[in-house]
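Engineer: quick one, what's the 3D model for this:
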Amino acid sequence: MNCPSDYRTDCLVHRTDYLVHRNDRRVHRTYCLVNRNDSLDHQTYCLVHRNVQLTYRMFRLTDCFVNRLYNNTARV
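Structural biologist: Predicted coordinates for the structure are as follows:
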């Protein structure tokens, strides 16, 4: 008659293990989401950095264009 009781204990232990594993998966999922957010932050940073570079390039192109106009006007 001890078998059913032992079996029930094993099931409870197994269930506890499953719950712990399930909690681990939730923690892992949270970690993955945090990691994904970090990646998105990095992507946003890269896009901002790219915009800064494009703005700087446009500024240099505008500066060269104004300089050329000034040089052409100075010749006339």
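Engineer: if I look at Asp17, how far off is Arg57?
Structural biologist: Going from Asp17 to Arg57 by Cβ to Cβ, to the nearest Å gives 59 Å. C-beta coordinates here come from the backbone N, C-alpha and C atoms, glycine included.
Engineer: same question but for Cys32, I mixed them up
Structural biologist: 37 Å.
Engineer: Leu40 too?
Structural biologist: Taking Cβ to Cβ, one finds Leu40 at 25 Å from Arg57.
Engineer: kindly report the same for Arg50.
Structural biologist: Between Arg50 and Arg57 the computed distance is 10 Å (Cβ to Cβ).
Engineer: for Asn35, same thing?
Structural biologist: From Asn35 across to Arg57, the span is 33 Å (Cβ to Cβ).
Engineer: tell me, how many neighbours does Val48 end up with?
Structural biologist: By other Cβ atoms under 10 Å, 10 other residues sit near Val48.
Engineer: and the one 3 residues further on, by the same measure?
Structural biologist: The criterion is other Cβ under 10 Å. On that basis, Asn51 has 10 neighbouring residues.
Engineer: reduced to three states, what does it come out as?
Structural biologist: For Asn51, the assignment made with DSSP: H, G, I helix; E, B strand; the rest coil gives helix.
Engineer: and the pLDDT at it?
Structural biologist: Looking at Asn51, its pLDDT reads 81.
Engineer: over to Thr9?
Structural biologist: pLDDT for Thr9: 67.
Engineer: and for the one 10 residues further on?
Structural biologist: At Leu19, the predicted lDDT confidence score is 69.
Engineer: and for Arg22?
Structural biologist: In this model, Arg22 is scored at 71, pLDDT.
Engineer: cool, the one 4 residues further on as well?
Structural biologist: The score at Arg26 is 78. That number is its pLDDT.
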